[in-house]
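S.K.: structure, please.
(4 chains)
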Number of protein chains: 2
Amino acid sequence: MLSTRHLPSLASIRAFEAAARHCSFAKAARELDTTAASVSYHVRCLEQETGVRLFLRFAQRVELTESGAAVAREATAAFDALRASFLHAAAAEETRLSLTTLPSLGTSWLTPKLGRFRAKHASIALEIELSADAQDLVGGRFDAAIRNGYGNWPGLRTHALFPSVFMPLCAPALRETAKALDDPQRTLEVPLLGRPDWWALWYRAHGRMPLPPASHFGPLLSAEYLDIAAAVAGQGIAIGSPILFRSEIDAGRLVPAHALVVGTGRTFWFTYPAARAQSRKIGAFRDWLEDEAARDREAARPFLRKIKIVEPQS
Amino acid sequence: MLSTRHLPSLASIRAFEAAARHCSFAKAARELDTTAASVSYHVRCLEQETGVRLFLRFAQRVELTESGAAVAREATAAFDALRASFLHAAAAEETRLSLTTLPSLGTSWLTPKLGRFRAKHASIALEIELSADAQDLVGGRFDAAIRNGYGNWPGLRTHALFPSVFMPLCAPALRETAKALDDPQRTLEVPLLGRPDWWALWYRAHGRMPLPPASHFGPLLSAEYLDIAAAVAGQGIAIGSPILFRSEIDAGRLVPAHALVVGTGRTFWFTYPAARAQSRKIGAFRDWLEDEAARDREAARPFLRKIKIVEPQS
DNA sequence: CGACAGGCTAAGTCAAACTTATGCTCAGCA
DNA sequence: TGCTGAGCATAAGTTTGACTTAGCCTGTCG
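M.R.: Residues are numbered from 1 along each chain as shown, chains lettered A, B, ... in the order given. Modelled structure (predicted):
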């Protein structure tokens, strides 16, 4: 009859449980949006499989047996507990958002704004992991990511935040020294900080100055925001995003060392698996993030007004 | 997402619960005797429907999330409780047998034997309801019945116990008076007790005596065993079954008032719904009952050796 | 008495459940 | 290092338990 782990058809148990609550097959059918014949069939199968009389039948009604009532109590409790656990898990799921993002964006741009997100969405705890490499969004480890790229990632939904651009930035004290970026007669007296490939692209876009030799470059640091920190300290001219480091500019710790802003067509995106489109927390974070990005794009308008796009050499 | 009473697909929950226990879709599939693809599909559907990440996926394994683990605990507990309630109900069902039977058979024949049934099957509690009318066996109120008839009841399984026959029985003191049943010269000095239709059939089978007028019949009592009680008290000659009332004969309280035993082809049957054929308690009771009936048929062999069958007039 | 509600059953239908085939990523081993 | 096997994923196709429909029966009520 009933083996060790075997359980009767759960569909039958579901039909029985509803019939027991209503003491009526017709009412159970209405609740389950099915027919009384289906309920009758399932209860009969259950009785046959288990050998337990669950209902006494009368012409126009049914009556639970003692055994039937006992099983029904357990069934109702079991389904209620199951339901509650899903509701609880879904609610808990909506209170934690795990985000993977690039180190400079996370450190310099996002983190300073989190107070505003927390104020707006007190119930959502944000967990941010910084990584220079794009993390997998399918395995379930992360809910969403902020990435730099062209936004053509299969299976992911993408929302553009702001363009990925760069320009020379330096401490105000180096404003005079920085004029050498535009003057072939002047010698560059401080090192160039940041990604050499960006500097190469910048000089290419500039078009009227040769790329300085490698000896003019500072040490290669592991993230953009470290180059910027060195520039703030007056150690050279860094190449970086006027959006990501806007707070430094606004505070007067950095100034544009040259007016030319270069881009490669890349953008910063907020992205998540398409299957997660219904997630309320992802939606809330996305909406807030888009507002923040729009605000920063607006504030950076003088820099973004005239971006010179260059093709990266592959 | 999840409405008030709605529960996700129970098949999906079942697959998830097994996968959670094993932390492996492949192992769950083996337990459920299905494929890993099926388990994977169900878990995915469940995650999609509930919005809850239940597992983190790695190339060759899966890992429960916190939420997944919580839901799994509830699911395992729910299924275990359900299973236990069915096992318990099935066990309880096997300890109670409700039988409907005819009054005389129940009172005079079956009840005196119940000690032997109880001794043999201590765990089965017998509940007997006496009724002159055949009770419904389909509604679930009764497990089985002992009926008198031809045994052709649709949907029921039948086991013959002993033939339904009748003969004149009286107290020993009326043995001389009873000779009038065979002697046209003698006047019947005591009333005839019991069913007038049986007396009519008996005289028809006799063939050498006219049926006495209605004035020779005693009052119409509601059950055969009451007629017999009156006969034991010497109030007349009763017509009844030498099997049902064998104990009175053995004790010398009654003697056959005439040797002729008449039957109409009817039998006493033990019967139950065919769908209940697997019931252990019904099987146990049937086996015991058949033994008792066989024993009584053997003891009544002198009476049953030569039964005169007459057709009832319809 | 007729209408209706609510059970039952058998035959037929259908959609969720399941299978098969293929692909991908590791881990372990020679 | 290359090969094998295990264990996930997905899409297309198949199957079967779940469900529907039609008809019947029994009460209840107006």
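
S.K.: check the closest residue in space to residue A:248 that isn't next to it in sequence and give its pLDDT.
M.R.: Nearest non-adjacent residue to residue A:248, counting by CB to CB, 6 or more residues apart in numbering or on different chains: residue A:254, 4.2 Å away. For every residue, glycine as well, the C-beta is placed using N, CA and C. Listed pLDDT for residue A:254 reads 94.

S.K.: try the one 5 residues further on
M.R.: At residue A:259, the predicted lDDT confidence score is 92.

S.K.: quick check: the residue nearest to residue A:248 touching residue A:228?
M.R.: Yes - if you go by CB atoms under 8 Å, residue A:254 and residue A:228 touch, sitting 7.2 Å apart.

S.K.: pull up the overlap in contacts between the two.
M.R.: Shared contacts of residue A:254 and residue A:228, defined by CB atoms under 8 Å, 6 or more residues apart in numbering or on different chains, are found at A:169, A:245, A:248.

S.K.: can you measure across stretch A:19-35, start residue to end residue?
M.R.: 12 Å (CA to CA, to the nearest Å).

S.K.: what comes into contact with that stretch?
M.R.: By CB under 8 Å, 6+ apart, stretch A:19-35 touches A:14-15, A:18, A:36, A:38-40, A:43, A:54-55, A:61-64, A:68-69, A:71-72, A:75-76, B:5.

S.K.: ok, the residue in the stretch 201-314 of chain A that DNA strand C sits nearest to - how many residues close by?
M.R.: With CB to the nearest atom of the strand, the shortest gap between the stretch 201-314 of chain A and DNA strand C falls at residue A:273, namely 16.6 Å. Per other CB atoms under 10 Å in any protein chain shown, the neighbour tally for residue A:273 reads 19.

S.K.: what bridges to it?
M.R.: residue A:156 (DSSP bridges).

S.K.: these two touch, right, it and residue A:137?
M.R.: Yes - counting by CB under 8 Å, residue A:137 is a contact partner of residue A:273 at 5.4 Å.

S.K.: pull out the buried residues from stretch A:131-145.
M.R.: By 16 or more other CB atoms under 10 Å in any protein chain shown, the buried positions in stretch A:131-145 come out as A:137, A:140-145.

S.K.: which parts of chain A are helices?
M.R.: A:10-22, A:25-31, A:36-50, A:66-93, A:103-104, A:114-120, A:196-206, A:224-232, A:246-250, A:280-299, A:301-304 (DSSP state H).

S.K.: distance from the chain centre to the longest one, please.
M.R.: From the chain centre to the centre of helix A:66-93 is a distance of 33 Å (CA atoms, centre = their mean, to the nearest Å).

S.K.: who are the packing partners of it?
M.R.: For helix A:66-93, the packing partners by 3 or more CB pairs under 8 Å, 6 or more residues apart in numbering or on different chains; DSSP states H and E come out as helix A:10-22, helix B:36-50, helix B:66-93.

S.K.: returning to what we had before: shared neighbours, residue A:273 and residue A:137?
M.R.: Contacts common to residue A:273 and residue A:137, judged by CB under 8 Å, 6+ apart, are residue A:156.

S.K.: the spatially closest residue to residue A:264 that is not a sequence neighbour and chain B: what is the separation?
M.R.: Nearest residue to residue A:264 in three dimensions, chain neighbours excluded: residue A:312, at 5.1 Å (CB to CB, 6+ apart). According to CB to the nearest CB, to the nearest Å, residue A:312 stands 32 Å off from chain B.

S.K.: could I get the contacting residues of residue A:312?
M.R.: Counting by CB under 8 Å, 6+ apart, residue A:312 has contacts A:197, A:201, A:264.

S.K.: I'm done for today, thanks for sticking with me.
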